[in-house]
Each structure stands twice: as C-alpha cells, then as structure tokens.
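# Sequence first, then the predicted structure, then my questions.
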Amino acid sequence: MTSILTNTSAMSALATLRNINTDLASTQDRVSSGYRVGAAKVDTAYAATESAIDIVNEIKAKLVTASESSTDKEQINLEVEKLQQQLTAVAQAASFSGENWQISGSNTSTTATVVDGFIREDNSSVKITTASFNLSSYAMFETLSSDVGSGGILGAVMTIALTSGSTQGDIDGFMNTVETALSSLTDAGAALGALTTRIDLQDNFAASLSDAIESGVSRLVDADMEEESAKLSALQTQQQLAVQSLSIANSSSQNIMTLFRG
C-alpha cells in the first residue's frame, strides 16, 4: 500500500546505505590508523638512514686525514671508534611500534610490511593493501652483540680499525668499504623515500574519498529533509480538514439547538 506519510522503499534504501557507510567508515578508520603507524615506521627508518649517511661520511673524512703521513693514526682511530658506536646507537634507536627496520635480526621476517591503501571492489567490499620493505637488503645491521652491530649494510664499516702501522693500502681498502656502505645506504634511503611517497599519495586519496562520501551523505540527508517536508505538508492538510470537520460538527449542533428555540 502506498502512503503519503511513509515511504517504506526509501526508508529501506536509507538503512542499507547507512550500514554500508558505517562499514566503510570503520574500514577507513583502520586504514587511517595503519597509515599513521606505517608512515611513522618509514619515517623512523628513513631518519636513521640519513643519520647513518652523515656518520659514515665523517668516518670517510677521518680516513682521508689518516692518509697524511704526519697524522697520529691511533688518535684518529679513537675518533672512528666513537663514530662506529654512534652508528650502533642510531640503529638501536630506530624502533617504532615494536619494530626496528635497521636491525634485520630483531624482526620475525626478512620483509616488513606497512598499510599503504585500500581498494573498493565491485561487490562493495573493501580490501586493505600493503607495501613491503626488504629488511635483509636495506637494514644497517643484521644483529647486535654486546651493543656492537654486525652484518647488514654497515657490518664491514664496523671492522675498520687504524693502527700506527696501517699502510696507505690499508686505508684505501677502508675507503672502498666506506664507499660501498654509502652506496647501499643511499639505495636504502631511496627505497624508504619511495614508500613515503606511496603512503602520502594514498593518504591524500583516502582524504578525497572521505570528502566524497561525506558529500554523498549530505545529499542523502537533504533528500530525507524533502521527505519530512512532504510529511509536514500532508499533516498541515489533514489539520485543515480536521478544523473544517470540527466546524461542520459544531454547526450541526447549533442547528439542532435552533429547533428547540422554535
């Protein structure tokens, strides 16, 4: 039965759409949380990589100084040791949400994953997507032993040691080790930078999609207001009819009273 007061079809469609939007909002919240955690992990690892590049460049500068015949190589080695300790400290500090991407052995897997977006499929379901980062290739160290890093990109740098008897050939070999480490750190920084860009792009897309959904809900609410306006008009019409009916009823009573006056 069709009613001017209640549009049951519209009410059913509205309820279905509200449920879909609730589920979508819930998924978006999880994705947004994943974005924040994922972005923080990437940012932490990237900051550690940048710091490591600066420190390794300092070691390189020390080796250049050690190439001069008049320098005290053992004194320079003390400075190199401090820089090596700083590399270990940077790697240890690069932890977020229980994960450290700069020490590959501290993780249960050689590949780390972060949430980078979601996809709405044809059946209206939502699937969260992830991006991966190869820890075995880009971690600064593989393990820590007695607070000294080993393995990984910087494992060889940690073995650099100057003595008074170090030859120029020894120093050249250390320089090659440093250059290799810098190249690998640069590659790691590029990989982390690509992850950051991907997350930022998906984050912007999610924000735009959220605005579109909000706009759609707004249109839905406007349509609901039109339905309420129609109800109001119908009720006002009924009110007018009721007033007229009351007036007619009162008139009938007055007509009967005139009979008794006669």
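Right, received. Where do you want to start?

# can you pull out the strands in this protein?
Taking DSSP state E, the strands of the chain run over residues 95-96, 99-100, 111-120, 126-134, 143-145, 148-150.

# ranking those by burial, who's on top?
strand 99-100 (a mean of 22; mean count of other CB atoms under 10 Å). (Glycine included, C-beta is placed from N, CA and C.)

# Partner strands of that strand, with direction?
Partners of strand 99-100 in the sheet, by DSSP bridges, are strand 95-96 (antiparallel).

# Which strand residues bridge the nearest residue to residue 111 once chain neighbours are set aside?
Leaving aside its chain neighbours, residue 111 sits nearest to residue 132 (5.1 Å; criterion: CB to CB, 6 or more residues apart in numbering). Here residue 132 sits in beta bridges with residue 113, as judged by DSSP bridges.

# list the contacts for residue 132?
Contact analysis of residue 132 by CB atoms under 8 Å, 6 or more residues apart in numbering lists 111, 112, 113.

# Enumerate every residue touching the first one.
Shown here is residue 111, whose contacts under the criterion CB under 8 Å, 6+ apart are 132, 133, 134, 135, 136.

# Nearest to residue 45 among those?
residue 133 (7.7 Å; CB to CB).

# Just the pLDDT at the closest one, thanks.
Residue 133 carries a pLDDT value of 88.

# same deal with residue 240?
At residue 240, pLDDT is 78.

# State the distance from it to residue 233.
11 Å (CB to CB, to the nearest Å).

# and residue 200, how far is that from residue 138?
On the measure of CB to CB, residue 200 and residue 138 end up 20 Å apart.

# likewise residue 55?
Distance from residue 55 to residue 138, by CB to CB: 17 Å.

# correct me, but residue 180 touches residue 156?
Yes - using CB atoms under 8 Å, residue 180 is in contact with residue 156, at 7.2 Å.

# ok, the two, which is more surrounded?
Ranked by neighbour count (other CB atoms under 10 Å), residue 180 and residue 156 place residue 156 first, with 17 against 13.

# Quick one: neighbours of the closest residue to the more buried one other than its chain neighbours, just the number.
The shortest distance from residue 156 to any non-neighbouring residue, by CB to CB, 6+ apart, is to residue 177 (4.8 Å). When neighbours are defined as other CB under 10 Å, residue 177 has 21 of them.

# One more: residue 70?
With other CB under 10 Å as criterion, residue 70 counts 4.

# Got phi/psi on it?
phi -90, psi 0 (degrees, to the nearest 10).

# Report pLDDT for it.
86.

# quick one: it from residue 76, how far?
12 Å.

# what number of residues lie near residue 66?
24.

# now residue 83
18.

# Just list the residues touching residue 55, thanks.
Counted by CB under 8 Å, 6+ apart, residue 55 has contacts 83, 86, 87, 90.
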